[in-house]
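Enquirer: Sequence plus the predicted model coming up.
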Amino acid sequence: MNTLEVMLNEALAYQAEAFKRDEPVDGADLVEWFAEWRERVQTILADSPVTSTDADDAQPRTMPLCSACGGENVCADAAARWDAEAKVWEVVNIFDKGHSCDDCESSDVRLDWREEEKRAGFL
Ligand SMILES: [Zn+2]
């Protein structure tokens, strides 16, 4: 359990019985408790952005490499759909073949995937 989950459990546990039984909860107490709680959550979020808390559960990060030369500057053959709202091309499918590599200038290479070492500072 990460720190944020601990904090959420703490929030759920606060006056849990009273909330469960629909009993009155003292508003002043609740506000005072919440003010203190949110400050601690803010501190935790400032230390580690929410996006990094999922990193432990995430799949190992991989990157495509040219199967001919091992280069990283590869270009995938893909299908893109125009997103009229965002005004950008959105990649909807990466084809199985037809990729190219800028490093060795091959035009029909396979992409091999390798695990990328975890970046420093990444939780
Ligand atoms: Zn290559």
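Expert: Looks like it arrived, so ask away. These numbers were taken from a predicted model, which means no experiment stands behind them. Numbering: from 1, shown residues only.
Enquirer: Measure how buried C66 is and give me the count.
Expert: By other CB atoms under 10 Å, 22 other residues sit near C66. The way it works is simple: take the backbone N, C-alpha and C, and place the C-beta from them, glycine included.
Enquirer: again with H99
Expert: 21.
Enquirer: Please apply the same query to the one 5 residues further on.
Expert: Look at C104: counted by other CB under 10 Å, it has 14 neighbours.
Enquirer: where does it land in three-state SS?
Expert: Classification of C104 by DSSP: H, G, I helix; E, B strand; the rest coil places it in coil.
Enquirer: Over to the one 3 residues further on?
Expert: With three-state DSSP as the basis, the three-state label of S107 is coil.
Enquirer: Same question for the longest helix that the chain contains: list its buried residues.
Expert: Longest helix in the chain by number of residues (criterion: DSSP state H): helix 27-47. Going by neighbour count (16 or more other CB atoms under 10 Å), the buried part of helix 27-47 is W33, I44.
Enquirer: OK, contacts around R81?
Expert: W89, E90, V92 (CB atoms under 8 Å, 6 or more residues apart in numbering).
Enquirer: possible to save those as TSV with secondary structure and neighbour count?
Expert: Converted to TSV, these look like this (DSSP: H, G, I helix; E, B strand; the rest coil; neighbours: other CB atoms under 10 Å):
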residue	secondary structure	neighbour count
W89	strand	12
E90	strand	10
V92	strand	10
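Enquirer: Among these, which one sits closest to R40?
Expert: E90 (38.8 Å; CB to CB).
Enquirer: one step back: C-terminal to the longest helix of the chain, what's the next element?
Expert: Reading on from helix 27-47 to the C-terminus, the next helix or strand found by DSSP states H and E is strand 62-66.
Enquirer: Just the buried residues of that following strand, please?
Expert: So, applying 16+ other CB under 10 Å, buried residues of strand 62-66: P64, L65, C66.
Enquirer: which one of those sits closest to the ion?
Expert: C66 (3.1 Å; CB to the ion).
Enquirer: Quick check: the nearest residue to the closest one once chain neighbours are set aside vs the ion, distance?
Expert: Excluding its sequence neighbours, the residue lying closest to C66 (CB to CB, 6 or more residues apart in numbering) is C101, at 3.8 Å. Distance from C101 to the ion, counting by CB to the ion, to the nearest Å: 3 Å.
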